[in-house]
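S.K.: next come a sequence and a model predicted from it.
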Amino acid sequence: MIFHQFSLSDYFRAVTILLDRAACDVEGTIYAPIRRFDETALVLPSGRSLIAQLMTIADKILIEDSDLTASRLQRHIDLFGLSGLVVADFSGRRGGRGASVSVVRKRQSDGQRIGTGDMAGSSEIGTWH
């Protein structure tokens, strides 16, 4: 299954307004857009973890996002007490450019690492946290 993210069109529309200086004509004012990941995006209206809910229908979740990094995913997992899940950061496999790439999967009791048969054939894919 693929779950697409919501459009960033509102963000880019706001950036365009600022760059066109339509927002304010104050001389010498400099605007700098700052993107920040909204941690509440991972929390459902019921207060449950979105990651936990997705893991009820999937064995692994692949996330490619500019703002949602493996460390933020790990913080979310820790906050919600999801000790049965682990996160790997695959961003380095792309040469460090572009979006962060992370995989969330269920912790395996036998200690098997990803890459020992279940993905891509290399035992050194990603760093599990």
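M.R.: Thanks, I have it.

S.K.: state whether residue 88 is indeed within a strand.
M.R.: Yes - assignment of residue 88 by DSSP: H, G, I helix; E, B strand; the rest coil places it within a strand.

S.K.: list the contacts of residue 64.
M.R.: Residue 64 makes contacts with 99-101, as judged by CB atoms under 8 Å, 6 or more residues apart in numbering. Yep, even glycine has a C-beta here, placed from its N, CA and C like the rest.

S.K.: what does it show for phi and psi?
M.R.: Backbone torsions of residue 64, given as degrees, to the nearest 10, read phi -120, psi 110.

S.K.: can you check residue 35 too?
M.R.: The phi/psi pair for residue 35 (degrees, to the nearest 10) is phi -90, psi 130.

S.K.: how far away is it from residue 15?
M.R.: The span separating residue 35 from residue 15 equals 10 Å under the rule CB to CB, to the nearest Å.

S.K.: who's more crowded, the two?
M.R.: residue 15 (14 against 9; other CB atoms under 10 Å).

S.K.: about what we covered before: nearest to residue 80, of the contacts of residue 64?
M.R.: Of all the contacts of residue 64, the one with the least separation from residue 80 (CB to CB) is residue 100, at 19.7 Å.

S.K.: please give me every residue in contact with that closest one.
M.R.: Taking CB under 8 Å, 6+ apart as the criterion, residue 100 is in contact with 63-70, 89, 91.
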